[in-house]
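[1] got a predicted structure plus its sequence, pasted below:
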2 protein chains.
Amino acid sequence: MEKIIVAGAGLVGSLQALLLAKKGHKVDVYERRSDIRSNEFVGGRSINLALSTRGWKALEIAGIADEIRDISIPMYGRKIHAVNGDISFQSYGKDEEAIYSVSRGELNRQLLLKAASYPNVGFYFDERCVDVDINTNEAAFQNSITGEVSIVKAKQIYATDGAFSAVRGRLQRLDRFDFSQTYMTHGYKELIIPANADGTHKIDKNALHIWPRGQFMLIALANLDGSFTVTLFFPFEGPTSFESLNTNDKIRDFFKETFPDALPLMPTLIEDYHENPTSSLCIIRCNPWNYQDKILLMGDAAHAIVPFYGQGMNAGFEDCSEWWRLVEEYGQDWSTVFAEFTRIRKPNGDAIADLALKNYIEMRDLVGDEKFLLRKKIEKRIYEKHPHKWVPLYSMVTFSHTPYADALVIGKKQEAIMDRVMELENIAQIWDSEEVEQQIIAQL
Amino acid sequence: MEKIIVAGAGLVGSLQALLLAKKGHKVDVYERRSDIRSNEFVGGRSINLALSTRGWKALEIAGIADEIRDISIPMYGRKIHAVNGDISFQSYGKDEEAIYSVSRGELNRQLLLKAASYPNVGFYFDERCVDVDINTNEAAFQNSITGEVSIVKAKQIYATDGAFSAVRGRLQRLDRFDFSQTYMTHGYKELIIPANADGTHKIDKNALHIWPRGQFMLIALANLDGSFTVTLFFPFEGPTSFESLNTNDKIRDFFKETFPDALPLMPTLIEDYHENPTSSLCIIRCNPWNYQDKILLMGDAAHAIVPFYGQGMNAGFEDCSEWWRLVEEYGQDWSTVFAEFTRIRKPNGDAIADLALKNYIEMRDLVGDEKFLLRKKIEKRIYEKHPHKWVPLYSMVTFSHTPYADALVIGKKQEAIMDRVMELENIAQIWDSEEVEQQIIAQL
């Protein structure tokens, strides 16, 4: 049986290896970094992610959803922290709908362990992809410890090696391969709210905390060990920026003034601020996502997006479940499976990239805005009364399997309707009236 | 004196080497291809280019404009070939304003010869850039004949190595470096109209010939030897495409039906069609165009565009004249010169990329359209009567030094005004009336 290579054993790579193994393929996984399986579970002080409906579907197919649920914390809505200390809660969906805070490291570890439980999967760590020969479908990997280069021939290569994918780097040299990398003028820095002495959380763990401040924001997601991973999204340059906060006093004063209720929760703020890197945010787009029936780009290698919709990982996992669906439909007709993958997934990748970018504005600015909240309230009411006619955009993206591209189109239509509704006189008074409801429904 | 490297000895590279030499710098030029200086002048059967005002300015500064004028053929306007054989003429500007057909190979050869006449310029051919160390500013070049790699340390590197620039390839790996390559769904193929037996041209040499056909077009530019370089711009795939013209009969039938007056002029059509490659069209954008005061991207390495405004080379040459202007202003303050170059040139690169894309629609479709021609006639009249208030977009781009970005903005404003004017009742009758004139002027 001919081998299949998975290049990159991050979240999407280890999940895809698992699915390939389940389908009975002989899979070899090559990963640039070292093996994290033996790492002790440190409670996930690393980057937190928000798992939602699309992600869970792929985990269900892979048969690992229950294990992951055990290490996830449901967040039922946003807790908005105003400058004056007021805290308000906005639920994400209805009833039990939640997104799930999970540690990237621990999630990755569990996916690797599960994949490795299949006898037909091999793992090679500390192996950096240095070249791909697209004519022979041979990939070259260099071991970062021994320096040795191995050439591996494969029937297929799944490129799950992230935003700066080496495999995609090779495809970028092909005629008519579109590619773009676009950086934001804002970056981010991770900080910490530690646990209480007894291991409990200092603030509500079942919400995503946001300190929206117009041009920037602070957010916090709970970890299992009682701590919170806090992220400051902030301009690189300008009057209020990473560049301008260049002394300890300025950092402390800025937090005191801007995030007064967060500051006391962060005793190691100054150390964390200096120790943790300032990272950039990059959007990657490319086309096509396949090379014949030989190479398939998945996850960030195909579509890295900004984190503001909590959909980066979920979109990558949906790549895996959609690949699964195509294989169920077309079997071993790989030309069709790969071509269909590009045809179906590419517009969805573009759509979630746009949606995520737009959501930064919503998170950092609008969630604290009266008019915006009224809008959400009206939408929620219509959703409750007409659940088959109006599903709010956030719910479509987060709690449904509606293709992102369709959600984007429907969302724009909804936005136009709501723009008109918000112009009604006395809308603040009549928002829950029969009249407003009928007007919205009539426009659908 | 520390060395300066120019990577790439194409049109922009050889011109930039010339300007650096003029300023007294010690310059070493490395070029991947072999030396074309000894090539016999073959009359320029290669790609033709249209030199216009921006290009001439840089050639004037370099002191080589007269020599180039001798090998250029002025084109005063477009000759439009309709399917029924009708030919109409649309002048590009007023009076003596023209764009100039010139052979890429011969222009390059003359620029190289002129640059080489400076004792402070060295040339190294068959040297492919394989790496750049941005910390030490060392570039590695591999000789394609001997295989030997030389490492060259430089004070500055001017990257003029084209759309697929190796130097830019290194910058693309930097954090916060934006980059995109976007291919068009249309490609092109070069064909030939040979000279008459006596060396004269078969059709008017002082015009750019266009066979506009809606979704595609054929164009022809005169060569000095009496021939024309003909280019078919055409979809890669689809019902009428390079893919679908897959037999000699289909090619001949298609030309007979679509370009009936061109077919008899092209006796080697079938051979040329098979022998010449089908080439793709790629748009390159990136940001920033400098790395500190060490590396500067110029020409296609910074901003490759589609050829439909005849501005690719002119924009690259304007990079050189603008660099010259900045050096005149800031002297050896290279940090400022390089930063200003990015600040000023980048928006202009983006603007001409957009304009060129838009002009494909104009060339292949609108130039044969009645309404469009009336529009142009009205604009021309206003231009003649109010030359300081209204300069048509084509003239701003082609015959002025107005920054491309400004031309784009002014052009959009003009377009909006003309949209309104064209909606006037009986505009075909009153187009040259006092009323229409006043209405346009009032809106400026």
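    That came in fine, so what should we check first?

[2] near chain B at all, stretch A:120-140?
    No. On the criterion CB under 8 Å from any CB of the partner chain, stretch A:120-140 is out of touch with chain B, staying 13.8 Å away. The C-beta positions use only the backbone N, C-alpha and C, and glycine is treated the same way.

[3] output that stretch as PDB, nothing but the C-alphas.
    Presented in PDB, the C-alpha positions along stretch A:120-140 are these (Å, rounded to 0.1, in the frame of the first residue of the first chain):
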ATOM      1  CA  ASN A 120      -1.000   2.300  10.500                       C
ATOM      2  CA  VAL A 121       0.200   5.800  11.600                       C
ATOM      3  CA  GLY A 122       3.900   6.700  12.000                       C
ATOM      4  CA  PHE A 123       5.200   9.900  13.600                       C
ATOM      5  CA  TYR A 124       8.500  11.600  12.800                       C
ATOM      6  CA  PHE A 125       9.300  14.700  15.000                       C
ATOM      7  CA  ASP A 126      12.000  17.300  14.600                       C
ATOM      8  CA  GLU A 127      11.600  16.900  10.900                       C
ATOM      9  CA  ARG A 128      11.400  20.100   8.900                       C
ATOM     10  CA  CYS A 129      10.100  20.000   5.400                       C
ATOM     11  CA  VAL A 130      12.800  21.500   3.200                       C
ATOM     12  CA  ASP A 131      11.600  20.700  -0.300                       C
ATOM     13  CA  VAL A 132       8.800  19.000  -2.300                       C
ATOM     14  CA  ASP A 133       9.200  17.600  -5.800                       C
ATOM     15  CA  ILE A 134       5.800  18.000  -7.300                       C
ATOM     16  CA  ASN A 135       6.700  15.900 -10.300                       C
ATOM     17  CA  THR A 136       7.700  12.800  -8.300                       C
ATOM     18  CA  ASN A 137       5.700  13.700  -5.200                       C
ATOM     19  CA  GLU A 138       8.700  13.300  -3.000                       C
ATOM     20  CA  ALA A 139       9.100  15.400   0.100                       C
ATOM     21  CA  ALA A 140      12.500  16.100   1.700                       C
END
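
[4] what residues of that stretch count as buried?
    For stretch A:120-140, the buried set under the neighbour-count rule, 16 or more other CB atoms under 10 Å in any protein chain shown, comprises A:120-121, A:123-129, A:132, A:134, A:137, A:139-140.

[5] quick one: pLDDT of the closest residue in space to A:Ile5 that isn't next to it in sequence?
    Spatial nearest neighbour of A:Ile5, excluding adjacent residues (CB to CB, 6 or more residues apart in numbering or on different chains): A:Ala154 at 4.1 Å. Confidence at A:Ala154, expressed as pLDDT, is 96.

[6] go on, A:Met363?
    88.

[7] what does A:Ser46 give?
    At A:Ser46, pLDDT is 53.

[8] and A:Arg128, which of the three is it?
    Here A:Arg128 is recorded as strand under DSSP: H, G, I helix; E, B strand; the rest coil.

[9] partners of the residue lying closest to A:Asp272 once chain neighbours are set aside in the sheet?
    Excluding the flanking residues, the one nearest A:Asp272 by CB to CB, 6+ apart is A:Leu191, at 4.7 Å. Beta-bridge pairing for A:Leu191 (DSSP bridges): A:Val230.

[10] isn't A:Leu191 up against A:His274?
    No. The pair A:Leu191 / A:His274 is not scored as a contact, 10.9 Å apart, by CB atoms under 8 Å.

[11] which one's more surrounded, these two?
    Neighbour count, other CB atoms under 10 Å in any protein chain shown: between A:Leu191 and A:His274, A:Leu191 has more, with 22 against 10.

[12] could I get the contacting residues of the more buried one?
    For A:Leu191, the contacting residues are A:Val230, A:Thr231, A:Leu232, A:Met266, A:Leu269, A:Asp272, A:Tyr273, A:Asn276, by CB atoms under 8 Å, 6 or more residues apart in numbering or on different chains.

[13] please verify my assumption that A:Gln443 contacts A:Asp419.
    No. Taking contacts as CB under 8 Å, A:Gln443 lies outside contact range of A:Asp419: 10.9 Å.

[14] which of the two has more neighbours?
    Legend: neighbour count by other CB under 10 Å for A:Gln443 and A:Asp419, higher for A:Gln443 (13 against 10).

[15] what sits against the more buried one?
    Shown in contact with A:Gln443 (CB under 8 Å, 6+ apart): A:Ile417, A:Arg420.

[16] A:Pro212 and chain B, how far apart?
    Distance, A:Pro212 to chain B, by CB to the nearest CB, to the nearest Å: 25 Å.

[17] find the nearest non-adjacent residue to that residue, please.
    Leaving aside its chain neighbours, A:Pro212 sits nearest to A:Gly368 (4.6 Å; criterion: CB to CB, 6+ apart).

[18] that neighbour contacts A:Arg78, correct?
    No. Using CB under 8 Å, A:Gly368 is not in contact with A:Arg78; the gap is 10.5 Å.

[19] before we move on, the earlier item: most neighbours of all the contacts of A:Leu191, which one?
    A:Leu232 (25 neighbours).

[20] name the helix or strand for it, please.
    Using DSSP states H and E, A:Leu232 falls within strand A:228-235.

[21] for that strand, packing partners?
    strand A:178-193, strand A:217-222 (3 or more CB pairs under 8 Å, 6 or more residues apart in numbering or on different chains; DSSP states H and E).

[22] could you give the angle of the helix or strand following the longest one to strand A:178-193?
    Okay, so that is strand A:178-193. Once the chain leaves strand A:178-193, the next helix or strand it forms, by DSSP H and E, is strand A:208-212. In terms of direction (axes from the mean of the first three to the mean of the last three CA atoms, to 10 degrees), strand A:208-212 departs from strand A:178-193 by 100 degrees.

[23] other SSEs contacting strand A:208-212?
    Packed next to strand A:208-212, using 3+ CB pairs under 8 Å, 6+ apart, are strand A:77-81, strand A:217-222, helix A:334-364.

[24] can you give me the buried ones in stretch A:58-77?
    The neighbour-count criterion (16+ other CB under 10 Å) identifies A:58-59, A:61-62, A:64-65, A:68, A:71-77 as the buried residues of stretch A:58-77.

[25] re the thing from before, and the residue nearest to A:Pro212, how far from B:Leu111?
    A:Gly368 sits at a distance of 59 Å from B:Leu111 (criterion: CB to CB, to the nearest Å).

[26] domain-wise, how is chain A divided?
    Listed by automatic domain parsing, the domain ranges of chain A are A:3-73+A:102-180+A:282-358, A:182-280, A:369-443.

[27] quick one: name the residues of the stretch 151-300 of chain A near chain B.
    A:164, A:172-173, A:175-183, A:236, A:280.
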